[in-house]
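Chemist: After the sequence you'll find the predicted model.
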Amino acid sequence: MIRVRAELELFVADVFASVPRKDQRGWGACYLRGLMLDGRRKSIQPMAERLPDGNMQALQQFVSQSPWDWTPVRRRIAERVCSVIRPEVWVIDDVSFPKCGKASVGVARQYCGAVGKRANCQVAVSVHAATDTASCPLQWALFLPGEWDQDPARRRAAGVPDEVGHVPKPRLALDLLDQLSGSVDRVPVIVADAGYGRSVGFRQALEERGLSYVVAVEAKEAVQPEAAEPYRPPYGGLGPPTRPCYRASHQTLPDAVEATALFEEVTWRQGSKGLMTSRFAVLRVRPAGKLARAAAQEQAGGRGRWDGVLPLRTLLVEQSEDEAAPSGYWMTNLPATTPIADLVRFAKMRWRIEHDYRELKHGLGLDHFEGRTWRGWHHHVTLVTAAQAFLTLRRLNPKAPTPA
């Protein structure tokens with residue numbers, strides 16, 4: 001125990017080096033110990049009661065009122081975690097925190113994944129570094145619903161900065177990636193579920209940043225087959241052409257798969273009940289539809305400069321042998337020569353984020369914070385992230401002593 005306490009003190013001294021005051025860094029270490037100690041509730045009062053040096057008022061002031069900046073702390077955590085984990089992917093997702101009342105920052109009636117329906121809750125977007133064997137959150141952004149933009153009194157009471165307003169979740173995720181890209185040497189493959197992958201603008205923004213991605217998409221996504229050759233007749237002064245022969249036919253993903261897909265069995269990792277195996281197919285398609293055309297026109301510099309040809313992308317499809325229809329689709333901009341086993345492994349590595357959320361919530365009290373302010377929420381999630389980073393780094397340390 002003494003050795004672990006010493007390791008924690010060194011970790012806090014490193015990641016909280018940007019916090020100016022020694023007493024603040026001391027309360028940071030105290031808060032982290034409270035999060036990692038056994039106990040059903042990880043809010044400030046019960047943690048202070050369990051800690052021999054706990055002081056509820058001091059911890060409350062450190063988390064909810066102290067003006068220390070969480071940005072450099074998260075940056076240092078990301079640097080340390082990525083240097084050890086060497087992530088193969090960054091996983092983007094969002095997590096919800098059920099809440100009562102209307103005063104907690106960002107709370108609104110919206111879809112809550114924790115209960116599986118619309119409920120009163122907060123929602124946060126996060127980015128996690130992951131491999132098949134380790135993962136840890138790197139950055140967080142609190143989603144502010146549109147109704148908060150129209151309620152100045154509630155914003156002031158929660159301490160929301162004037163420059164912060166409602167931003168869609170894909171845009172929040174892109175902002176987090178921009179912040180992280182300056183903290184690490186290499187940005188790995190970006191992985192996300194269909195809540196983000198269905199956004200053509202999100203995929204386009206990743207490509208504009210030079211990032212590779214494997215993101216889930218919905219079955220209703222419109223595509224054209226690889227061999228489609230869009231035809232644009234010369235302008236005759238009578239408006240845009242409307243005859244069907246002027247437009248390449250669109251297909252939904254199930255139709256495209258039924259027409260061309262050849263499935264093969266792929267194993268991607270060892271699960272708790274044995275090897276995880278399913279059937280997958282890879283085909284080349286052109287994203288279609290109004291949003292895809294608009295994105296292609298914008299990238300080309302305007303409608304007049306667009307040649308009417310949408311870029312090819314790789315579509316990964318999963319359909320097990322006992323299923324009549326595909327159960328999953330992923331779109332990627334990785335090279336067409338990427339082995340299917342790698343594509344499957346990247347797509348399936350998203351499971352690590354569920355492992356993180358389970359540990360963060362059930363073990364470290366991510367959703368136990370009872371404060372209501374913008375500053376307090378960001379301080380708490382930063383401290384929880386630091387606690388999980390410390391545990392992750394210790395698990396991966398080959399010199400760390402293991403229990404008998």
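Modeler: Alright, I've got the coordinates. Numbering: from 1, shown residues only.

Chemist: okay, and the helix or strand of this protein with the least pLDDT?
Modeler: Taking mean pLDDT, DSSP states H and E as the measure, the chain has helix 289-300 as its least confident helix or strand, at a mean of 62.

Chemist: How about whichever helix or strand comes after that one, which residues are buried there?
Modeler: Using DSSP states H and E, the helix or strand that follows helix 289-300 towards the C-terminus is strand 313-318. Of all the residues in strand 313-318, those buried under the rule 16 or more other Cβ atoms under 10 Å are 313-318. Quick note: C-beta positions are derived from backbone N, CA and C, even for glycine.

Chemist: same thing with stretch 338-353?
Modeler: By neighbour count on 16+ other Cβ under 10 Å, the buried set for stretch 338-353 is 338, 343-350, 352-353.

Chemist: can you list the residues that contact it?
Modeler: 88-89, 91, 93, 126, 128, 130-132, 134-135, 189, 191-193, 214, 216, 264, 266, 268-269, 276, 280, 282, 314, 316, 318, 328, 330, 332, 334 (Cβ atoms under 8 Å, 6 or more residues apart in numbering).

Chemist: before we move on, what about stretch 357-369?
Modeler: Counting by Cβ under 8 Å, 6+ apart, 35-36, 41-43, 63, 95, 97-98, 114, 137, 376-377, 380-381, 384, 387-388, 391 sit against stretch 357-369.

Chemist: Any idea which residue is closest to the centre of this protein?
Modeler: residue 92 (1.6 Å; Cα atoms, centre = their mean).

Chemist: three-state assignment of it?
Modeler: strand (DSSP: H, G, I helix; E, B strand; the rest coil).

Chemist: who does it bridge with?
Modeler: residue 127, residue 192 (DSSP bridges).

Chemist: which residues sit in contact with it?
Modeler: 125-127, 173, 176-177, 190-192, 196.

Chemist: Let's see that with 7 Å instead.
Modeler: By Cβ atoms under 7 Å, 6 or more residues apart in numbering, the residues touching residue 92 are 127, 173, 190, 192, 196.

Chemist: before we move on, back to that, tell me the one of the buried residues of stretch 338-353 nearest residue 81?
Modeler: residue 352 (12.8 Å; Cβ to Cβ).

Chemist: mind checking which helix or strand the closest one is in?
Modeler: According to DSSP H and E, residue 352 maps onto helix 351-358.

Chemist: pLDDT score assigned to the closest residue to residue 328 other than its chain neighbours?
Modeler: Excluding its sequence neighbours, the residue lying closest to residue 328 (Cβ to Cβ, 6 or more residues apart in numbering) is residue 318, at 4.1 Å. At residue 318, the predicted lDDT confidence score is 93.

Chemist: if we can go back for a sec, okay, and which of the contacts of stretch 357-369 map to helices?
Modeler: 35-36, 63, 376-377, 380-381, 384, 387-388, 391 (DSSP state H).

Chemist: Tell me where the stretch 1-150 of the chain has strands.
Modeler: In the stretch 1-150 of the chain, the strands defined using DSSP state E, counting those that start in this stretch lie at 89-98, 108-112, 117-130, 135-142.

Chemist: Turn the ones you listed into a markdown table, columns for distance to residue 287 and mean pLDDT.
Modeler: As requested, those are exported to a markdown table (distance: least, Cβ to Cβ, whole Å; pLDDT from 0 to 100):
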| stretch | distance to residue 287 | mean pLDDT |
| --- | --- | --- |
| strand 89-98 | 19 | 96 |
| strand 108-112 | 26 | 95 |
| strand 117-130 | 24 | 96 |
| strand 135-142 | 27 | 96 |
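
Chemist: Ok, which of the ones you listed comes nearest residue 71?
Modeler: Comparing the strands of the stretch 1-150 of the chain under Cβ to Cβ, the one sitting nearest is strand 135-142, at 9.5 Å.

Chemist: how far off strand 117-130 does that closest one point, in degrees?
Modeler: With axes from the mean of the first three to the mean of the last three Cα atoms, to 10 degrees defining the directions, strand 135-142 sits at 130 degrees from strand 117-130.
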